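>>> Below are the sequence and a predicted model for it; my questions follow.
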Amino acid sequence: MNLIDNTIEESLLALKEEKYKLRMYQVELTLQISSDYGVEETLQDIRSLPGVTVVTALDSAYRQASRNYTSLVRVKFHPQLDSMSAQKYLTDILLPSIKNDSIIPGTTLLRDRKPEKIQ
């Protein structure tokens, strides 16, 4: 192969690899979780949502009076459609699912932050 052929081959390979890279984002959420459901069980439910890859509890505090946990949670995700932005994924899929008691029971969203790209 000559130099031009090698350059073209390397460029095509790089494009192919780029096509299969996931766009990864993360967002921090503050959740109120009923003690009837528990923090770990709720995190498992969030992990089952489409596009979610990792869910980590950064901090949790139990409130005896209300029998709830207030948890700061980091959710890593990738929008499954290339045309979907991170913010649209957040507002159309992730947050409505968390707010839906039949999907993630006993959980109230207290605060969400802007998603940030991590990869």
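The structure has been received and is ready for your questions.
>>> for stretch 97-111, which positions count as buried?
When neighbours are counted by 16 or more other C-beta atoms under 10 Å, the buried residues of stretch 97-111 are found to be Ser97, Ile98, Ile104, Gly106, Thr107. C-beta coordinates here come from the backbone N, C-alpha and C atoms, glycine included.
>>> From Leu29, how far out is Ser97?
Ser97 sits 12 Å away from Leu29 when distances are taken as C-beta to C-beta, to the nearest Å.
>>> What strand or helix carries Ser71?
strand 68-77 (DSSP states H and E).
>>> That strand: which residues count as buried?
For strand 68-77, the neighbour count (16+ other C-beta under 10 Å) marks Asn68, Tyr69, Thr70, Ser71, Leu72, Val73, Val75, Lys76, Phe77 as buried.
>>> Asp112: neighbour count?
17 (other C-beta atoms under 10 Å).
>>> next one: Ile4
Counted with other C-beta under 10 Å, Ile4 comes out at 8.
>>> What of Gln32?
15.
>>> distance of it from Ser66?
According to C-beta to C-beta, Gln32 stands 8 Å off from Ser66.
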